[in-house]
Structure formats: C-alpha cells, structure tokens
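**Student:** Provided below for reference: sequence and predicted model.
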Amino acid sequence: MLSLILIKLNEEKAIYEFHPNASAEYGIIELDRKSNVAIVKEPLQGSEWHTVHALNKLEEYGSLNSFPKEERLYWY
C-alpha cells in the first residue's frame, strides 16, 4: 500500500509526500509539469519499491492533468 499526499501544486510542479504502508515516515517526490518527469526530492531508505510506484503514479497524474489531494494505492 502507498499513500500519496499533495503538498504543493502550481503551473510548474506538483510535489507529493509518499507514505509506504500507512507509515508516518515519508519521502518527497516532484513532477516537472512541463516535461512530465518525476524525480525524488527526499528519498526514504528501504522503500525503493514504493518510490518507483509513487514516481510512476505522479507521471500518470501529469499525463491526465489531474492532481488529487490524496490517494491510496493498493496492489497484490
């Protein structure tokens, strides 16, 4: 499970916290809205798998030009 929480959105970028497994610990990712490329701003040690999911989802948000305030992602 992964929670994404929007912390900043403007014409240039979207910034989200990502919380693996409902943890209080989090990392920060950022999307450049002009190039639709997501990067890690603040990594979270030991959560590389969750980071990849978060980056992919953020680029999907950019493609759709839709940035929810909060979303939870589940997979099996």
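**Tutor:** Now that the structure is in, tell me what you want to look at. Numbers count the residues shown, from 1 in each chain.
**Student:** so where does the closest residue to residue 59 other than its chain neighbours fall, helix or strand?
**Tutor:** The shortest distance from residue 59 to any non-neighbouring residue, by Cβ to Cβ, 6 or more residues apart in numbering, is to residue 38 (5.0 Å). All C-beta atoms are positioned from the backbone trio N, CA, C, and that covers glycine. Using DSSP states H and E, residue 38 falls within strand 37-42.
**Student:** on contacts alone, who are the packing partners of that strand?
**Tutor:** Here strand 37-42 is seen to pack against strand 27-32, helix 48-64 when contacts are counted using 3 or more Cβ pairs under 8 Å, 6 or more residues apart in numbering; DSSP states H and E.
**Student:** deepest of those, which one?
**Tutor:** strand 27-32 (a mean of 20; mean count of other Cβ atoms under 10 Å).
**Student:** so which elements touch it?
**Tutor:** strand 13-20, strand 37-42, helix 48-64.
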